[in-house]
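> sequence plus the predicted model coming up.
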There are 2 protein chains.
Amino acid sequence: MGVPLPSYPECAATVYDYASRLFLGAKRTESVALGDAPGRVLARPVRADRDMPAFPRSTRDGYALRASEASAWLSIAGSIRAGDPAAAPLASGSAWEIMTGAAVPEEADAVAMLEHVETAQTGMDGTRVRLTAGRKLEPGENVVPTAAEARAGDELIPAGTRLGAAQIAAAATCGYAAVELFARPRVAILTTGDELVPVDVKPGPGQIRNSNGPMLAALVTRAGGESWLLPAVRDERASMELALRSALDADLLLISGGVSAGKFDLVEPALAELGAVFHFTGVRMQPGKPLVFGDLPVAGGRLPFFGHPGNPISTAATFLLFAAPVLRALIGLQAMAPQFTVARLARDVHGKPNLTRFIPARETCGALPGEMPSVSPVPWQGSGDLAAFARANCFLVVPEGVDHLAAGETATILPI
Amino acid sequence: MGVPLPSYPECAATVYDYASRLFLGAKRTESVALGDAPGRVLARPVRADRDMPAFPRSTRDGYALRASEASAWLSIAGSIRAGDPAAAPLASGSAWEIMTGAAVPEEADAVAMLEHVETAQTGMDGTRVRLTAGRKLEPGENVVPTAAEARAGDELIPAGTRLGAAQIAAAATCGYAAVELFARPRVAILTTGDELVPVDVKPGPGQIRNSNGPMLAALVTRAGGESWLLPAVRDERASMELALRSALDADLLLISGGVSAGKFDLVEPALAELGAVFHFTGVRMQPGKPLVFGDLPVAGGRLPFFGHPGNPISTAATFLLFAAPVLRALIGLQAMAPQFTVARLARDVHGKPNLTRFIPARETCGALPGEMPSVSPVPWQGSGDLAAFARANCFLVVPEGVDHLAAGETATILPI
C-alpha cells in the first residue's frame, strides 16, 4: 500500500502554508464604485478624511449648556439643528436648544436630554430652561468630542478586509465614492468524464448530467472568484492535455473527476506531463479521499490546482476545505481559512477509523437569541447522492480518532 | 411617560407574525438561468426528472459480480466505463471490470473493489479474477440500486429554499437549465436629514456624509432584495411627504432618521398623513430604541415600512433584526428570522436595565474544526461611531434582564 495518506489536519496545514505565501504575492487591483464593493476585498486602506466627529456632536435632542450651570434657570440662546454650522460660543447663563447629530457650540460642555429638563415662561426674557430637580449632569454627557472616534488620516479599514455593510458605511462617511479593491481571481473549472452530458441534454443509458460544473461555478462565485467554466473533457489523454493547456492562464485551476484509482483516470498523468509538482495526492478524509493538490509551471510563476474527486459531495467538501482558502488568499483576504462554526447535534453520529468525516447536514439557526443552532446529518446513500445533498446546507465534522458524537453535544460545522 | 415600550422579543414576535402573513401572499416569479440562480429563492420545487440513480451505479473501481460467486475464479466478460450503456446481463462464473460511476450489469449484485481482488492468467481463458482470500463481499456492496436516492417525480428541493451550491448541483443533475424563482422585491431606501451630503461632496460645518444610504443598499442586496436608493430628503414636511409618495410602489420601504423625539422629527407625522398604521414606535433595545414599524395603504394592499434611527449602527441593528425578516418573507424564503449563532466571549460584557443590548463586535472563526468562534466587543463611542463599526462584523446580544456575561461564556451573535 506504500506510504499512508496524510491526515486532514496535515493537508490543511500544507494548503494554508501555501495560501499564506500566495497571500503575500503581488495582486491586480481595481477601483470600484462603493455601491459595487460590498462583499469584495479592500486593497488599499480606508482612512478618515477628517476628524471623526469633525465637530463636537450631540447624541441627544435637548439643551447644550455648561454642566456646572445646568440646575440654574438658563435663557435660551437659540436652536441648533443637525446640519447647521456651529452656533456662536455659549454665553454664561444660557443654553442652546440642540438636536441629535448637531454641532455643540464652544463653551458648552454637555447636553441635557429633552426628557430631563423643565421649562418656564418669564415675562421679560421668554422661555427659560433648567435640569429637572434631582437630576445630575456631568461635563461631557451626551457629547462626542471632536476626533473622539478617529483623527484625520487614521486607518479605519485595513487592506485585506472583506467589505460588509459596516465597512461600506465607514467608507461612505469618509468620502470614498470608489474604493481600491483586489481584482477577482480567475478560476478555471474543468470537469472530466465520459459519462457527463450538459444540463440541457437528456442523458443516454449510463450517462449523467454534469452537476460539478455549475456547482463549482456557484462555489467560486460565492467565495469571491470569477468562475471560468470550461467545456467538460472526455476521459482521453490528448483531450485532457489540450484542455489543461487551455486553462494555464487562470489564477487557480479546479479539475473534477479522474483522480481515483481506476485505469481510466488520466488527470494525474496529464498534469505530470505539464510539469506538475504534487503537494499531496490523497487525504485521510471521507468523502474526498482522492483529492490532489499541486501546482504547474506557467509563464510568470506557478498555477495552483486541485484535482477533486468526481462526485459532487466530495467535490463540494474538498473545495470548501482546501480550494476556498487558496482562492481567498488570491483574493487578498486576511481570513483565508474555512470559517468553521458550531451547532448542537440533534442526533448521534459516528466516526470512522483513520478518517476525518465531513457529513452532509442541515443546520437550523435559532430564531431568537440564546438558542444555539441545531445540526442534523441528512440521511444519504454515499457521496454521489445529490437528492440527499439537496437537503444539506453544511458539513458536520467528525475528527479522526473520534468514535462517536452524542446528540446534545456541540459539534463543528462548515457552512456550504 | 405613557405606556412603556415593548421589549425586543415582543417586537420581534410582532414582526415575525406580520412577515409570516406576507410569506403566504402572492409573489411575482421569474425563470432564471441556473448559473444566475445561486443565492436566490426557489418558487417552484425542483423534482427528479428520472430515478436517481437511473441505473444501478458502481461506487468503486473494481469488478461487478455475484457476491455468492466472488471467492471463485471468474472469467472477465469485459470492461464497463462510466458513461457506457449497461453491459449484457452477467453470465454465471464471470465478472465485468467496472469503473466508479458506471452502470452495473443485470444479474451482478455487488462490486468487488480493485484493491480487494487478485487476478491470474490462464492459458486458454485469459485473465481471471477472484476476491482476495479472507475478504468477504455482501450482496449490494459498492452498488447504489436504481432509485435508491429518489424516484422520478420526487420533490428534491421545496419552494422557499435559498439555492446554495448543493441545491444547484441537484437542480443541474435533474436537467434544470433554468429554475423558477421568486422575483427580487424592490426596497425603497429613503434617508432623511438636513445634515446629510452625498458621499462625493465635502461636508460643510455641521454636515456629515450620508452613510446610511449606501449601507442600507448593501444590506438589502445581501439579503436578496433589489435596493432602490432615493435621494436624501431634507427635514421639511412637504419634501418628506413628496418623497414618501414617490416610494409607494416599492415592496418594502426603509426610512432612516427623523424618528426620535426632537421637534424636527417629521417622519411619523408624514407617514400618519398617508394613512399609516403603526405596529410599534419604539423598542426596549440599545441601539435602535426609536425604531418605528408600520404599513401604509397602497394600491393593491399595504406597504410595510420601517423608520430606522438616524445613526448607522442603530440602523444596521434594526435592519438585521426586523426589516430583514420582512424582506426575506417577501423574497419567499422559509427561513425568515435572523440567523443567530453563537461564539465564545473573549471579554466580559454588561447588560443594561430594561433593554436588550446589541453591541458591535468582531467574530473570529476557528481555522480548524473543534475551535468555537470567538467574539469580542469593539470599543465604541456610541451608535454614531463608524470608526468602531468599521472593525465589527457582528452584533453581540445581551438579553434584557442579563446583568453580565463573563469571558468564556457562550454568547449569541448576529452576523452583519
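Okay, I see it.
> domain parsing for chain A?
For chain A, automatic domain parsing gives the domain ranges A:8-28+A:187-331, A:33-51+A:159-182, A:57-144, A:341-415.
> mean confidence score for the longest one?
The predicted model assigns domain A:8-28+A:187-331 a mean pLDDT of 94.
> that one near chain B at all?
Yes: contact of domain A:8-28+A:187-331 with chain B (CB under 8 Å from any CB of the partner chain) involves A:9, A:12, A:16, A:193-196, A:199-200, A:202-215, A:217-219, A:221-222, A:235, A:260-264, A:310-312, A:316. Every residue, glycine included, has its C-beta placed from N, CA and C.
> per-residue confidence at residue A:86?
Reported pLDDT for residue A:86: 83.
> before we move on, the earlier item: out of the residues of domain A:8-28+A:187-331 next to chain B, which are buried?
A:9, A:12, A:16, A:193-196, A:199, A:203, A:206-215, A:217-219, A:221-222, A:235, A:260, A:262, A:264, A:310-312, A:316 (16 or more other CB atoms under 10 Å in any protein chain shown).
> CA atoms of stretch A:79-98 as CSV?
Extracted in CSV, the C-alpha atoms of stretch A:79-98 (Å, rounded to 0.1, in the frame of the first residue of the first chain):
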residue,chain,number,x,y,z
SER,A,79,-31.8,76.4,18.3
ILE,A,80,-29.2,74.3,16.5
ARG,A,81,-30.3,71.6,14.1
ALA,A,82,-28.3,68.8,12.7
GLY,A,83,-26.5,70.2,9.6
ASP,A,84,-26.4,73.8,10.9
PRO,A,85,-22.9,75.3,11.3
ALA,A,86,-21.7,75.6,14.9
ALA,A,87,-23.5,78.3,16.8
ALA,A,88,-21.7,81.2,18.5
PRO,A,89,-19.9,80.3,21.7
LEU,A,90,-22.2,79.8,24.6
ALA,A,91,-22.6,82.8,26.9
SER,A,92,-22.7,82.2,30.6
GLY,A,93,-26.3,81.7,32.0
SER,A,94,-27.7,80.5,28.7
ALA,A,95,-28.3,77.2,26.8
TRP,A,96,-28.8,76.3,23.1
GLU,A,97,-31.7,74.1,22.1
ILE,A,98,-29.9,71.3,20.2
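> for that stretch, what is the distance to the chain centroid?
44 Å (CA atoms, centre = their mean, to the nearest Å).
> do stretch A:407-416 as well
19 Å.
> may I see the buried residues of that stretch?
Quick answer for stretch A:407-416 (16+ other CB under 10 Å): A:410-414, A:416.
> same question for stretch A:299-311.
For stretch A:299-311, by 16+ other CB under 10 Å, it's A:303-311.
> want to throw the residues you listed into CSV with secondary structure?
Listed next are these as CSV, based on DSSP: H, G, I helix; E, B strand; the rest coil:
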residue, secondary structure
A:303, strand
A:304, strand
A:305, strand
A:306, strand
A:307, strand
A:308, strand
A:309, coil
A:310, coil
A:311, coil
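> could I get the residues you listed in JSON lines, plus columns for distance to residue A:147?
Shown next, in JSON lines, are the buried residues of stretch A:299-311 (distance: CB to CB, whole Å):
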{"residue": "A:303", "distance to residue A:147": "48"}
{"residue": "A:304", "distance to residue A:147": "45"}
{"residue": "A:305", "distance to residue A:147": "50"}
{"residue": "A:306", "distance to residue A:147": "49"}
{"residue": "A:307", "distance to residue A:147": "54"}
{"residue": "A:308", "distance to residue A:147": "52"}
{"residue": "A:309", "distance to residue A:147": "56"}
{"residue": "A:310", "distance to residue A:147": "59"}
{"residue": "A:311", "distance to residue A:147": "58"}
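> for these, which one is nearest chain B?
residue A:310 (6.5 Å; CB to the nearest CB).
> sorry, back to before: ok, and which of the buried residues of stretch A:407-416 reach chain B?
Near chain B, by the rule CB under 8 Å from any CB, you find A:410, A:412, A:414, A:416 out of the buried residues of stretch A:407-416.
> and these, which of them are in strands?
Among these, the members found in strands (DSSP state E) are A:410, A:412, A:414.
> so the second one bridges to which residues?
Here residue A:412 sits in beta bridges with residue A:342, going by DSSP bridges.
> look up the pLDDT of it for me, please.
pLDDT, residue A:412: 95.
> wait, it touches residue B:370, no?
Yes: the criterion here is CB atoms under 8 Å, and residue A:412 meets it with residue B:370 at 5.6 Å.
> and the ones in strands among the ones next to chain B among the buried residues of stretch A:407-416, which is closest to chain B?
Nearest to chain B among those, with distances taken as CB to the nearest CB, is residue A:412, at 4.0 Å.
> are we agreed that residue A:322 is in a strand?
No: going by three-state DSSP, the assignment for residue A:322 is helix, not a strand.
> find the nearest non-adjacent residue to it, please.
Closest residue to residue A:322 in three dimensions, ignoring its sequence neighbours and counting by CB to CB, 6 or more residues apart in numbering or on different chains: residue A:15, at 4.9 Å.
> that neighbour belongs to a helix?
Yes: assessed with three-state DSSP, residue A:15 lies in a helix.
> which element, helix or strand, includes residue A:296?
strand A:292-298 (DSSP states H and E).
> in that strand, which residues are buried?
Applying a neighbour-count criterion of 16+ other CB under 10 Å, one finds A:292-296 buried in strand A:292-298.
> list the neighbouring strands of that strand plus their orientation.
Here, using DSSP bridges, strand A:292-298 pairs with strand A:277-280 (antiparallel), strand A:301-308 (antiparallel).
> distance from it to the middle of the chain?
26 Å.
> residues in contact with it: which ones?
Contacts with strand A:292-298, where a contact means CB atoms under 8 Å, 6 or more residues apart in numbering or on different chains, come from A:11, A:14-15, A:18, A:244, A:248-249, A:253, A:259, A:267-268, A:271, A:274-282, A:302-307, A:322.
> sweet, I'm off.
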